[in-house]
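Visitor: Predicted model, plus sequence, below.
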Amino acid sequence: MNEGKGPLDRPTATEYASWFKALADPTRVQIVSLLARQGRPMNVGEIVDAVHVGQSTVSAHLKVLAEVRFVLVDQHGTSRFYRINTACVECFPTAADLVMGRPAPAAPTCPPEGDA
């Protein structure tokens with residue numbers, strides 16, 4: 001990662017851009033907020049009831065959030081439960097700090113799914 005007054009290095013900028021893009025939808029922000037505030041895994045039906053959008057829409061948003069590792073998926077039999085990836089989400093303020101040129105306390109590494 002580049003330090004100092006130059007721009008972020010390309011790989012870091014690309015990673016952060018994917019995070020910002022994933023949160024560029026109000027429903028996805030609601031889902032992340034819900035999962036973070038609940039502090040427990042939730043199934044799609046519970047999420048649908050809370051954010052008041054259709055099941056297919058919630059599923060599509062969960063897929064986007066899982067791709068950037070904000071959300072992790074736990075399979076229990078035929079049910080899927082979604083939970084916030086606190087290790088990855090905690091990196092997000094660091095990303096904003098770096099983009100704004102502020103020093104970051106830690107590198108922006110998010111563990112792969114299942115390691116959080």
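Guide: Yep, that arrived. Numbers count the residues shown, from 1 in each chain.

Visitor: For the spatially most central residue of the chain, give me its contacts.
Guide: Most central residue of the chain, judged by C-alpha distance to the mean C-alpha position with C-alpha atoms, centre = their mean, is residue 70 at 2.1 Å. Contact partners of residue 70, counting by C-beta atoms under 8 Å, 6 or more residues apart in numbering, are 19, 22-23, 32, 84-85, 88-89. Every residue, glycine included, has its C-beta placed from N, CA and C.

Visitor: Between these, which sits nearest residue 48?
Guide: For residue 48, the closest of those turns out to be residue 32, at 15.3 Å, with distances computed as C-beta to C-beta.

Visitor: Would you report the backbone torsion angles of the closest one?
Guide: phi -60, psi -50 (degrees, to the nearest 10).

Visitor: With adjacent residues omitted, what lies nearest to it?
Guide: Closest residue to residue 32 apart from its sequence neighbours, by C-beta to C-beta, 6 or more residues apart in numbering: residue 70 at 5.7 Å.

Visitor: What ranges does this structure have for its helices?
Guide: With DSSP state H as the criterion, the chain has helices at 10-22, 26-38, 44-51, 55-67, 86-89, 92-99.

Visitor: can you list those helices in JSON lines and add distance to residue 75?
Guide: As requested, the helices of the chain are arranged in JSON lines below (distance: least, C-beta to C-beta, whole Å):
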{"stretch": "helix 10-22", "distance to residue 75": "22"}
{"stretch": "helix 26-38", "distance to residue 75": "17"}
{"stretch": "helix 44-51", "distance to residue 75": "13"}
{"stretch": "helix 55-67", "distance to residue 75": "12"}
{"stretch": "helix 86-89", "distance to residue 75": "19"}
{"stretch": "helix 92-99", "distance to residue 75": "26"}
